[in-house]
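Visitor: can you look at this prediction? I've put the sequence above it.
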Amino acid sequence: MADSKAPSGTVTIIDNTSNKQTTLPLVSGTAGPKVIDIRNLYKDLGYFTFDPGYTATGSCQSKITYIDGDEGVLLYRGYPIEQLAEHSDFMEVCYLLLFGDLPDKAQRDQFVHDITYHTMVHDQLNRFYQGFRRDAHPMAVMCGVVGALSAFYHDSTDITDPLHRKVASYRLIAKMPTIAAMAYKYAMGQPFMYPQNNLSYAENFLYMSYAVPAEPYKMNKILSKALDKIFILHADHEQNASASTVRMSGSTGANPFACIAAGCASLWGPSHGGANEEVLKMLAEIGDKRNVGQWVKKAKDPSDPFRLFGFGHRVYKNFDPRAQVIQKTAHEVLGELGIKHEPLLEVAMELERIALVDDYFIKRRLYPNVDFYSGIILKAMGFPTSMFTALFAIGRTVGWVAQWNELIEDPSQKINRPRQLYTGVTKRDYVPVAKRKAAAKAAQ
Ligand code: CMC
C-alpha cells in the first residue's frame, strides 16, 4: 500500500487441498483493526475472497474519517463529531474534510468566500427543471440535475488537473443546496429564489427553500444553526454505500459531477440515506405510542420483511454518536418552534424505549441511528418527508468530494473491479431455435 505503515506482521494461509501456502502482510493503520493485504492471494493460491456486502473488506486506505463502531466513536480528521457539532460550523468542517486541518482565520474567510460565490447555477439549468413532472421525487430530480452539471461546467471536468478538481469540488458543495431548494420550489409551483451572498450556507438553503419574492424573509437563527449541525453530522461516514459508489465511479476516471450523481442515487435507497424519509412514514403509520408494541413485534417477526427504520447500523454496535447529538437538537428545535406536543416525537421516544430493553434488539446490537431523529427536526422546520434525503445529500456532498479527491490523488488506486463466485450454467453449445424444444426434452 502506497502510504500506509510497513507490514506489522504476516498471516500464513495453508491450503490443505493443494499443500500450497502463502504468507500475506498484516498492515496497521493509525487506528482500527489490522488488515490482511490479500493482493497476492490469487497469484499464490489461485483463490478469490468472498465477502458479499463487504462486511470484512477494506476497499481503500483513507485519512478522512474514522469510526469505532463498538465504542460509538466518529472522528473527522481526528476530531470527535460531538466537539465539531458543538463548537464548529459546517464551512469549517468542509474545509477540514477537504484539506485535512481546521482553517486559520484567513483560510476560513477565503473558503467561505469561494463557496459562497459558487452557489448560483448556470441560468440555463433553471430550464432543465421544466422537463420534470411537478410530483417527481426530489432525489430523482437531484440525480438528474447533479449528473447534468457536467454538461454545464466543462471547464472543471479534467480530473488530471488539480485546479479543475478544486473548482469542481467547490461547485458541487456550493450548488447542492441551490439544486435541492430548486427541486423543492419546482414541486411547490413557486419561483426559484437566487442565493444571497450575505447569508451562511445553512441560512441560504432555508432562504432558497422558504423565501418568496413577494415579501422579506425572516431568518430564524436557531433553525439555521440546527440545520448547520445536521449538515455537520451527515458530512462524511467513511466507506459507506454512497461514498463507495462515488469511489467506484471515480476509479474509472469518470468526471466528478457524474460520480456525485452516482452517490446521490446510492444514497436514495431506504437502507441508506432514504431511511430518514421512511422513519417519518413509519412513525406516522404507528400513529400513537400505544401501538408501538405491535410494530416492534412485527419488526422481530422473521417471516415479516418489515424493519424498524432508523434502527441498526452496519458499523455502530453500541450507539450512533450522531443520533445522540441529533436527539438533543430535536428537542431544542421543537422548543424554539413552541411545539409542546409532537405526537411523532412521542412515538419515536416510546419506540426507542421499548426497543432498547427488548432482547431481540439487545442481542443484535440494534440502536437508533442518525436517521431516527433527523426527520422530526426537518418536519418541524417545514420540509416535506420527500425532501429529507435531499437534505442528507447536501450535507454528504463534501464527504463524497473529499473521498473522490483522495481516490484520485492515491497513486495505488486502480479501477475497482471485484471478482465473483460464479454459480451459473457452465459452458454449453448454442442450439438453433427450431431445435430448442427437442433439446430441452432430451435433457429432461
Ligand atoms: N429492525 C429489525 N431488525 C433489524 C434491523 C431493524 N432496523 N436492522 C437489522 N435487523 C436484524 C436483521 O434482521 C438481522 O437479524 P437476524 O440475525 O435474525 O437475521 C440482524 O439484525 C443483522 O442485520 P443485517 O441486515 O445483517 O445488518 P446489516 O449490517 O447488513 O444492515 C442496516 C444494516 C442499517 C441496513 C440495517 O440495520 C437496516 O436495514 N436498518 C434500517 C434502515 C436504516 O435505518 N438505515 C439507515 C442507516 S444509518 C444512515 C446511513 O448511513 O445511511
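Guide: Good, I have the coordinates.
Visitor: use CA for all of it now, contacts and neighbours both
Guide: OK.
Visitor: close to the ligand, is the host helix or strand of residue 224?
Guide: For residue 224, the enclosing helix or strand under DSSP states H and E is helix 221-234. No. Helix 221-234 stays clear of the ligand (C-alpha under 6 Å from any ligand atom), getting no nearer than 8.6 Å.
Visitor: is residue 35 in contact with residue 56, as I believe?
Guide: No. The pair residue 35 / residue 56 is not scored as a contact, 9.4 Å apart, by C-alpha atoms under 8 Å.
Visitor: in terms of neighbours, single out the busier of the two.
Guide: residue 35 (16 against 10; other C-alpha atoms under 10 Å).
Visitor: give me every residue that touches that one.
Guide: Applying C-alpha atoms under 8 Å, 6 or more residues apart in numbering to residue 35 gives the contacts 26-28, 58.
Visitor: in a markdown table, list those along with pLDDT and distance to the ligand.
Guide: Output for these, formatted as a markdown table (pLDDT from 0 to 100; distance: C-alpha to the nearest ligand atom, whole Å):
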| residue | pLDDT | distance to the ligand |
| --- | --- | --- |
| 26 | 96 | 25 |
| 27 | 96 | 25 |
| 28 | 95 | 24 |
| 58 | 96 | 15 |
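Visitor: which parts of the protein are strands?
Guide: 7-15, 20-27, 35-36, 65-68, 73-76, 79-80 (DSSP state E).
Visitor: what does the helix holding residue 224 contact?
Guide: Applying C-alpha under 8 Å, 6+ apart, the contact partners of helix 221-234 are 81, 84-85, 89-90, 93, 201-203, 206, 322, 326, 329, 333, 336, 374, 381, 391-392, 394-396.
Visitor: got a quick PyMOL command for the buried subset of those?
Guide: This is how PyMOL selects the buried members of the contacts of helix 221-234, with burial counted by 16 or more other C-alpha atoms under 10 Å:
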select buried, resi 81+84+85+89+90+93+201+202+203+206+322+326+329+333+374+381+391+392+394+395+396
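Visitor: tell me which residue in the stretch 101-250 of the chain sits closest to the ligand.
Guide: For the stretch 101-250 of the chain, the residue positioned closest to the ligand under C-alpha to the nearest ligand atom is residue 240, at a distance of 6.6 Å.
Visitor: from residue 67, how far off is that residue?
Guide: The gap separating residue 240 from residue 67 is 11 Å, by C-alpha to C-alpha, to the nearest Å.
Visitor: out of those two, which sits in the more crowded spot?
Guide: residue 67 (18 against 15).
Visitor: so the more buried one sits right up against residue 74, yeah?
Guide: Yes. Between residue 67 and residue 74 there is a contact under C-alpha under 8 Å: 4.6 Å.
Visitor: before we move on, back to that, quick one: which of the strands of the chain is nearest residue 258?
Guide: Proximity to residue 258 (C-alpha to C-alpha) singles out strand 65-68 among the strands of the chain, at 23.1 Å.
Visitor: what helices or strands is the closest one leaning on?
Guide: Secondary-structure packing of strand 65-68 (3 or more C-alpha pairs under 8 Å, 6 or more residues apart in numbering; DSSP states H and E): strand 73-76.
Visitor: convert the C-alpha atoms of the strand it packs on to CSV, please.
Guide: Taking C-alpha atoms only, strand 73-76 is exported to CSV below (Å, rounded to 0.1, in the frame of the first residue of the first chain):
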residue,chain,number,x,y,z
VAL,A,73,-16.7,6.9,18.0
LEU,A,74,-16.8,9.0,14.9
LEU,A,75,-13.8,11.3,14.0
TYR,A,76,-13.4,13.6,11.1
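Visitor: that strand - contacts with which helices or strands?
Guide: strand 65-68.
Visitor: count the residues that sit near the closest residue to residue 340 other than its chain neighbours.
Guide: Of all residues not flanking residue 340 in the chain, residue 334 sits nearest, at 7.1 Å (C-alpha to C-alpha, 6 or more residues apart in numbering). Neighbour count of residue 334, defined by other C-alpha under 10 Å: 19.
Visitor: how close does the nearest residue in space to residue 25 that is not next to it in sequence sit to residue 46?
Guide: Residue nearest to residue 25 in three dimensions, not counting chain neighbours: residue 10, with 4.4 Å by C-alpha to C-alpha, 6+ apart. Look at residue 10 and residue 46: by C-alpha to C-alpha, they are 19 Å apart.
Visitor: now do residue 288
Guide: 57 Å.
Visitor: cool, thanks, talk later.
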